[in-house]
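[1] Build me a model:
(one chain, ligands or ions: 2)
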Amino acid sequence: MSTPPHTPDGVKVWDPFVRIFHWSLVTCVLTNYFVLDDGEDWHQWIGYAASALVTLRIVWGFIGTRHARFADFFPTPTRLRAHLAAMRTGQAAFHPGHNPLGALMMLALMALVLALGATGFLQGTDTFWGEEWLQELHEWLGSALIALAGLHAAAAIVMGRIERTRLVTAMFTGTKRRY
Ligand code: HEM
Ligand code: HEM
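    Ligands and ions are numbered 1, 2, ... in the order given. Below is the predicted model of the structure:
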């Protein structure tokens, strides 16, 4: 998991599905939060598309390529403790896939997207139509998602600097390279 597999050519980590999933999800979430935020049809379809992407990603987490699998990066307490200890001593190990903290964030972001899909759907049902608490919950989940996504993007940039690896570029090219 944390052996240093750097080669001059970099390490192939993210398959095309993971990359397309990531940037499509980012587009859906940002569009729904910043552009189409009054619940119109497009907002609903794009919100469901985001939930569908996450659902596919969960399936891919079981059958996908090596570093896309949950087994490769699931943030178990042991992995988290080891990662935090390594960070404290200033020697965060290189992770070809997600590091345990990044993985924890990824799971939180995906859970929030699914919760937005569920609360969005419920707002349109007869039972919950016009329920203010549900609208507020939906809005709160949206804000939490954007706040965590900001932290996630900042962490990707900072960790990339610390590990001297272009993590964001790797989400486009699929290859982690050291500089
Ligand atoms: C990525 C997923 C989503 C995000 C980030 C998101 C975010 C938001 C935000 C920020 C608002 C404005 C809240 C306000 O200012 O009152 C909103 C409203 C709304 N959303 Fe979503 N949403 C998502 C998915 C969905 C889905 C899947 C549905 C329904 C199928 C939905 C239905 C609605 C409706 C009906 C409103 C209007 C609520 C009201 O009248 O206050 N949303 N959403
Ligand atoms: C709404 C915004 C965002 C959401 C919901 C989101 C969600 C996610 C998810 C679910 C993953 C896991 C990918 C997988 O294994 O399939 C991930 C990874 C990643 N994201 Fe984002 N992301 C967002 C914005 C961004 C932005 C703006 C950047 C660029 C600065 C970014 C950079 C990355 C990187 C570099 C990784 C891989 C980290 C690693 O090497 O372990 N993300 N993101």
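
[2] right, and residue 109 touches residue 144 too?
    No - using CB atoms under 8 Å, residue 109 makes no contact with residue 144, being 9.8 Å away. Every residue, glycine included, has its C-beta placed from N, CA and C.

[3] And the two? Which one has more around it.
    Taking neighbours as other CB atoms under 10 Å, residue 109 and residue 144 compare with residue 109 leading, 18 against 15.

[4] what about the residue sitting furthest away from the middle of the chain, is that helix, strand or coil?
    Distance from the C-alpha centroid of the chain, by CA atoms, centre = their mean, peaks at residue 126 (32.3 Å). Under DSSP: H, G, I helix; E, B strand; the rest coil, residue 126 falls in the coil class.

[5] measure it to ligand 2 for me?
    Remark: distance between residue 126 and ligand 2 (CB to the nearest ligand atom, to the nearest Å) = 31 Å.

[6] go on, residue 108?
    9 Å.

[7] Let me know the pLDDT of the spatially most central residue of the chain.
    A centroid search over the chain (CA atoms, centre = their mean) returns residue 106, at 3.6 Å, as the residue closest to the centre. We have a pLDDT of 98 for residue 106.

[8] Ok, residue 138 next?
    Reported pLDDT for residue 138: 98.

[9] who's in contact with it?
    For residue 138, the contacting residues are 116, 119, 120, 123, by CB atoms under 8 Å, 6 or more residues apart in numbering.

[10] Produce a PyMOL select command limited to the buried residues of those.
    A single PyMOL command selects the buried members of those (16 or more other CB atoms under 10 Å):
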select buried, resi 116+119+120+123
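
[11] between the contacts of residue 138, which is closest to ligand 2?
    Minimum distance to ligand 2 across the contacts of residue 138 is 10.6 Å, recorded for residue 116 (CB to the nearest ligand atom).

[12] ok, that closest one to residue 50 distance?
    7 Å (CB to CB, to the nearest Å).

[13] And for residue 30?
    Residue 30 is 10 Å from residue 50, by CB to CB.

[14] between the two, who's got more neighbours?
    A direct count of neighbours by other CB under 10 Å for residue 30 and residue 50 places residue 50 higher, at 25 against 12.

[15] Who are the packing partners of the helix or strand hosting that one?
    Using DSSP states H and E, residue 50 falls within helix 41-63. Judged by 3 or more CB pairs under 8 Å, 6 or more residues apart in numbering; DSSP states H and E, the packing partners of helix 41-63 are helix 16-30, helix 100-123.

[16] Please see if the very next helix or strand once past the longest one touches ligand 2.
    Think helix 100-123. Next in sequence after helix 100-123, counting helices and strands by DSSP H and E, comes helix 132-163. Yes - interface with ligand 2: helix 132-163 contributes 149, 152, 153, 156, 157 (CB under 6 Å from any ligand atom).
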